[in-house]
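Engineer: Structure for this input, please:
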Amino acid sequence: MAHTDVGLKAFEKYEKFYTNFTRPTMAPVFYPTAEEFVDPIAYVAQIKAEAEKFGVVKIVPPKTFKPSFAIDKNTFNFTPRIQKLSEIEAIVRERNAFTERITHYWELLGVTFRQPTLE
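Structural biologist: From the prediction side, this is the model:
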């Protein structure tokens, strides 16, 4: 069957997007000393000007950095929401994502895909 030829032709139109691909530069990594990292928020403010040039940076805290637990267990209150298993949105979202992927696959092969319906 000619699906393979049709599929190759479909991919040829995207080939131009990948021939000139250059890997972006790696994000800079900062290794603050224990003294610099006593106040992590102040440290971030200190490197902000340099970090903004890259959009993203990695900060590796010193090995001695041991943050305390941030939530006060005595005053923290958490109210869970009721969620019925039959209504979990993630299942529907995953099913829709699968349908979109399989439809796209068949479109690349030049075939119109219709999702079967039950009557």
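Engineer: Assess the claim that residue 61 and residue 32 are in contact.
Structural biologist: Yes - look at residue 61 against residue 32 with Cβ atoms under 8 Å: they come within range, at 6.9 Å. All C-beta atoms are positioned from the backbone trio N, CA, C, and that covers glycine.
Engineer: Report pLDDT for the closest residue to residue 107 other than its chain neighbours.
Structural biologist: Sequence neighbours aside, residue 113 is the residue nearest to residue 107 in space, at 7.0 Å (criterion: Cβ to Cβ, 6 or more residues apart in numbering). Note on residue 113: pLDDT of 83.
Engineer: hang on, residue 113 packs against residue 102?
Structural biologist: Yes - look at residue 113 against residue 102 with Cβ under 8 Å: they come within range, at 6.6 Å.
Engineer: So which bits of whichever helix or strand residue 93 is part of are buried?
Structural biologist: Element membership of residue 93, judged by DSSP states H and E, is helix 89-108. Buried residues in helix 89-108, counting neighbours by 16 or more other Cβ atoms under 10 Å, are found at residue 108.
Engineer: residue contacts, the residue nearest the centre of the chain?
Structural biologist: Centroid-nearest residue in the chain: residue 56, 14.1 Å away (criterion: Cα atoms, centre = their mean). When contacts are counted by Cβ atoms under 8 Å, 6 or more residues apart in numbering, residue 56 touches residue 27.
Engineer: Tell me the spacing between it and residue 76.
Structural biologist: Using Cβ to Cβ, to the nearest Å, residue 56 is found at 31 Å from residue 76.
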